[in-house]
Each structure stands twice: as structure tokens, then as C-alpha cells.
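1. quick one, structure for this:
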Amino acid sequence: MISVKTNRNIEDFKSDVAGGFDLKETVCIGGCVFVYAGIMLVLMLATPVPKVLCPYIPIPFVAYPIMRVFFKKNGMNIKDYKEKTKKFKEGGILPYKSTENPANYNNLVKKAEELSDGDSFDKTLKKIKKIGIIAGVVIFVIIVAAIVLKFVL
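-> Numbers count the residues shown, from 1 in each chain. Coordinates of the predicted model:
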């Protein structure tokens, strides 16, 4: 029998484009790989920068976009997280919800369990591994192409 899994909660919906990544993450990975490879090739072929340093120089240009897309702390992206921590450090008024009512307490416990699941670290680690594999393959192909072009042309 054929069956299709669907999420009951609309908030849990995530569309997959490639390798478990959504469109925004896929575009970010592709763009970062091309920027990294382009900068590295320019440094290796057109500048007197030592070849040992060439792979490390493009990292700052790639790190921030990846952090901005993949960073998730308590369901917030990096921009929201920085704003919330800044407001918290300023000492503003913090909301309080009473836990004396059993219904409120049970709802808070459920939300805390959902937010603190250990799977988020594993999911992030899997994403980083996928990014590394994809970037490694692309960089290998670019290096092989550069070697072939250098010796053929």
C-alpha cells in the first residue's frame, strides 16, 4: 500500500529542494561554493600568494552567509538571536507566565521539550557534513579542470 507522510502541524512543514535543504539553504551553499572556488582560483593563478594560504583566504567571505542561513538558536536566526540577547542584556522587562495552573504548566513543559531536543545538534552536524562533501566534490572538480586547462592550453 502506498502512503505519503504529511505533517499535522503547519509550523513543522519544510520543503526540500536538494539533499534535505530548502531553497534558501541550497542557494546559499551553491553561491558560497562558487565564491570560494572563484576567489581561490584567482589567488592561485593570478597572484603571488603562496599556494598553501590560498584555501584559507576565502573562508571569511563564505563563513558569514553560511552562519546567517544555518544558525538556529531556539528557533531564531542569528539576527533575531543577537537582538534578543541585546535586549536581555539591557535589562528590559521579562514576561512571566504563571505555572500554578496545571494546563499552563503542561503547555510550558511540552514547549520546553520541543525546544530542547538533542536532535537539532545532530541535524546541524548532518547538514555540515553534506555541505563539506558537496564543497569537496566541487572543489576537486574545479582543481582537476584547472590542471587540465593549464596543461592542455
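2. what about the residue nearest to the spatial centre of the chain, distance to residue 50?
-> Nearest to the mean C-alpha position of the chain, by CA atoms, centre = their mean, lies residue 70 at 2.2 Å. Separation of residue 70 from residue 50 (CB to CB, to the nearest Å): 31 Å. From N, CA and C alone the C-beta is placed, and that goes for glycine too.
3. I'd like the next helix or strand past whichever strand or helix holds residue 37.
-> Element membership of residue 37, judged by DSSP states H and E, is helix 23-46. Heading C-terminal from helix 23-46, the first helix or strand you meet, by DSSP H and E, is helix 59-70.
4. return the alpha-carbon coordinates of that next one using CSV.
-> This file holds the C-alpha atoms of helix 59-70, laid out as CSV (Å, rounded to 0.1, in the frame of the first residue of the first chain):
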residue,chain,number,x,y,z
ILE,A,59,36.9,31.5,4.3
PRO,A,60,35.8,34.9,5.8
PHE,A,61,33.8,35.6,2.6
VAL,A,62,31.9,32.3,2.9
ALA,A,63,31.5,31.9,6.7
TYR,A,64,29.1,34.8,7.3
PRO,A,65,26.5,33.8,4.7
ILE,A,66,26.6,30.2,5.9
MET,A,67,26.2,31.3,9.5
ARG,A,68,23.4,33.6,8.6
VAL,A,69,21.4,30.8,6.9
PHE,A,70,22.2,27.8,9.0
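5. for that helix, the distance to its chain's centre please.
-> 8 Å (CA atoms, centre = their mean, to the nearest Å).
6. what does stretch 49-64 give?
-> 19 Å.
7. name the residues of it that come out as buried.
-> Residues 54, 58, 62 are the ones in stretch 49-64 that count as buried (16 or more other CB atoms under 10 Å).
8. residue contacts, residue 65?
-> 28, 31-32 (CB atoms under 8 Å, 6 or more residues apart in numbering).
9. rewinding a little: identify the residues contacting the helix holding residue 37?
-> Taking contacts as CB under 8 Å, 6+ apart, the residues outside helix 23-46 that touch it are 15, 17-19, 21, 49, 51, 53-55, 57-59, 61-62, 65-66, 69-70, 127, 131, 134-135, 138-139, 142, 146.
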